[in-house]
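1. Dropping the sequence and predicted coords here.
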Amino acid sequence: MSVAVKEVNTAEFTAEVLDAGRPVVVDFWAPWCGPCRVVGPEVDKLAKRFGEEVKFVKLNIDDNRDIAIKYGVMSIPTIAKFERGSLTAQVVGARGADQLVRELGLEG
């Protein structure tokens, strides 16, 4: 995990994601998930590319089940974009950085 992608937990989720002053991309993952290990470096690339405009965090669903349940995360990896406290885009499954940009609407 790069320095640009912060690991968050349930206690931090509201402050780090919902109350953030900019869009936040959340990588819902678990250590045992093979595809999560593939998508992690792709999220790191996005963090390096968009880190000034968009915040990037990771949330381990095994340790923070309540957040995963609240946002309907049924499969991982799930990459979700939150804006002004609301879930605005969600991608399920491993994707490359460029495809995540398109599917999450990171470039206007």
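-> Thanks, I have the structure now.

2. ok, Ala97 touching Arg49?
-> Yes - shown here, Ala97 and Arg49 form a contact pair, counting by Cβ atoms under 8 Å, at 7.5 Å. Heads up, the C-betas are built off the backbone N, CA and C, glycines and all.

3. Helix, strand, or coil at Val73?
-> coil (DSSP: H, G, I helix; E, B strand; the rest coil).

4. Name the nearest residue to it, ignoring sequence neighbours.
-> Leaving aside its chain neighbours, Val73 sits nearest to Phe28 (4.8 Å; criterion: Cβ to Cβ, 6 or more residues apart in numbering).

5. likewise Asn9?
-> Nearest non-adjacent residue to Asn9, counting by Cβ to Cβ, 6+ apart: Asn64, 5.5 Å away.

6. What residues does that neighbour make contact with?
-> Asn64 sits next to Asn9, Thr10, Phe13 when contact means Cβ atoms under 8 Å, 6 or more residues apart in numbering.

7. neighbouring contacts of the helix or strand harbouring the residue nearest to Val73?
-> Following DSSP states H and E, one finds Phe28 within strand 24-29. The contact list for strand 24-29, computed with Cβ under 8 Å, 6+ apart, reads 5, 8, 16-17, 36, 39-40, 43, 46, 54-61, 68, 71, 73, 76-83, 104, 106.

8. those strands in the chain, which residues are they?
-> 5-8, 24-29, 55-60, 78-83, 86-92 (DSSP state E).

9. partner residues bridging the one residue sitting closest to the centre of the chain?
-> Nearest to the mean C-alpha position of the chain, by Cα atoms, centre = their mean, lies Val26 at 1.7 Å. Beta bridges link Val26 to Val57, Ala80, judged by DSSP bridges.
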